[in-house]
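Undergrad: Sequence below, structure please.
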Amino acid sequence: MIYTVTFNPSLDYVVGVKEIKLNATNRTDSEQMLPGGKGINVSIVLKNLGIPSTALGFIAGFTGDEIEKNVKAAGCTTDFIKIQEGMSRINIKLKSDGETEINGMGPIIHEKHLNQLFEKLEQLTDKDILVLAGSIPNSVPDSIYQDIMKRVSNKKVMVVVDATKDLLVNVLDRKPFLIKPNNHELGEIFGVELKTNEEIIAYGEKLKDMGARNVLISMAGDGAIFLGEDGCVYESPAPKGKVINSVGAGDSMVAGFLTGYLDQGDYQHAFKMGISAGSASAFSAQLATKSEVEAVYQTL
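TA: Numbers count the residues shown, from 1 in each chain. Got it, this is the predicted structure:
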């Protein structure tokens, strides 16, 4: 079983406005209310691709109830921890000439809530995959992903981490199965600006030297690069298509990669599935369906 963890889920209020006018009333042309959070997105795309998973994380208030209802409606199994105070955040995704986001804060997660999560993770076995994805609230210690990996290390759980900066760097000595920075995040880790694929590959190899088994680097419109534990290096330009919604594309890439890897145990196929799922979501108003992913795969 695959388990995804989202520390700060959200309701994503996605609105389209033809022309934004500051200090004036703006009326929407389109509206969507979707469950958000990187781990949740991974679970939904996995479900769309026929792979079951359980979405873990923390929810609170009426927004938390709505998040859980929507994730279940997408066909996913949930096992969220409900916090009695506060409410899960609402994130505004404003689409006009470009994309503007306003993200909420979310509830305070106390130590007792973290202990509840640890108890759930105690049930994992070496047949399970754990996906740690996204940012964490200020109430959670920066070492949380590292702490989780330490707790499951004796269970030989396959761990995937999609996070930024210290959240990602701190887990490398625990040898995660897969990490997925984008090229800008990779540059930020080392304090450099990466301009060529050769530079990206060189610094991706540094992450492997620091402990990551496999490194999947997304580069938006420039494609993706994969560095495997067996020494393989795969590069691919971005598939051609009109980008409609970039939210969730990176999470879809993680889901596609895992689907491909579980399907054939082959890194090249997993890489192509990752690119296909990420691009298919970017080309769609919502997260990619299986048919949309397969259509993109045929173009690679």
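
Undergrad: Quick check: what element follows the lowest-mean-pLDDT helix or strand in the chain along the chain?
TA: Ranked by mean pLDDT, DSSP states H and E, the weakest helix or strand in the chain is strand 99-102, scoring a mean of 87. On the C-terminal side of strand 99-102, the closest following helix or strand by DSSP states H and E is helix 111-121.

Undergrad: Show residues contacting the helix or strand that comes right after that following helix.
TA: Read in the C-terminal direction, the helix or strand following helix 111-121 is strand 129-133, with elements assigned using DSSP H and E. Residues lying outside strand 129-133 but in contact with it, judged by C-beta atoms under 8 Å, 6 or more residues apart in numbering, are 1-6, 37-39, 41-42, 53, 121, 124, 145, 148-149, 152, 157-163, 171, 177, 251, 254, 258. Placement of C-beta: from N, CA and C, glycine included.

Undergrad: Specify the local secondary structure of the residue lying closest to A288 once chain neighbours are set aside.
TA: Spatial nearest neighbour of A288, excluding adjacent residues (C-beta to C-beta, 6 or more residues apart in numbering): A280 at 3.6 Å. Following DSSP: H, G, I helix; E, B strand; the rest coil, we place A280 in the helix state.

Undergrad: just checking, A280 touches A255?
TA: No - taking contacts as C-beta atoms under 8 Å, A280 lies outside contact range of A255: 10.7 Å.

Undergrad: coming back round to it: point out the other helices and strands that the least confident helix or strand of the chain packs with.
TA: strand 89-95 (3 or more C-beta pairs under 8 Å, 6 or more residues apart in numbering; DSSP states H and E).

Undergrad: how long is stretch 208-221 from one end to the other?
TA: 24 Å (C-alpha to C-alpha, to the nearest Å).

Undergrad: Let me know the average pLDDT across that stretch.
TA: Stretch 208-221 shows a mean pLDDT of 95 in the predicted model.

Undergrad: List of residues touching stretch 255-270?
TA: Looking at what lies outside stretch 255-270 - C-beta under 8 Å, 6+ apart - the contacts are 2, 41-43, 45-46, 49-51, 129, 131, 160, 178, 180, 214, 216, 226, 228, 230, 232, 234, 271-278, 293.

Undergrad: Render the CA-only coordinates of it in PDB, please.
TA: Extracted C-alpha coordinates of stretch 255-270, given in PDB (Å, rounded to 0.1, in the frame of the first residue of the first chain):
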ATOM      1  CA  ALA A 255       2.300   9.500  -8.900                       C
ATOM      2  CA  GLY A 256       3.100   8.700 -12.500                       C
ATOM      3  CA  PHE A 257       6.700   7.600 -11.600                       C
ATOM      4  CA  LEU A 258       5.500   5.400  -8.800                       C
ATOM      5  CA  THR A 259       2.800   3.900 -11.100                       C
ATOM      6  CA  GLY A 260       5.400   3.100 -13.800                       C
ATOM      7  CA  TYR A 261       7.900   1.700 -11.300                       C
ATOM      8  CA  LEU A 262       5.300  -0.600  -9.600                       C
ATOM      9  CA  ASP A 263       4.100  -1.700 -13.100                       C
ATOM     10  CA  GLN A 264       7.500  -2.800 -14.500                       C
ATOM     11  CA  GLY A 265      10.200  -2.100 -12.000                       C
ATOM     12  CA  ASP A 266      12.000  -0.200 -14.700                       C
ATOM     13  CA  TYR A 267      13.400   3.300 -14.200                       C
ATOM     14  CA  GLN A 268      13.100   4.400 -17.800                       C
ATOM     15  CA  HIS A 269       9.400   3.400 -18.000                       C
ATOM     16  CA  ALA A 270       8.800   5.000 -14.600                       C
END
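
Undergrad: Would you mark the buried spots in that stretch?
TA: The neighbour-count check on stretch 255-270 (16 or more other C-beta atoms under 10 Å) flags 255-261, 267, 269-270 as buried.

Undergrad: so how far is it from its chain's centroid?
TA: Stretch 255-270 has its C-alpha centroid displaced from the chain centroid by 16 Å (C-alpha atoms, centre = their mean, to the nearest Å).

Undergrad: Rounded mean pLDDT for it, please.
TA: 97.

Undergrad: just to revisit the earlier point, filter the contacts of strand 129-133 down to just the ones in strands.
TA: 2-6, 53, 158-162 (DSSP state E).
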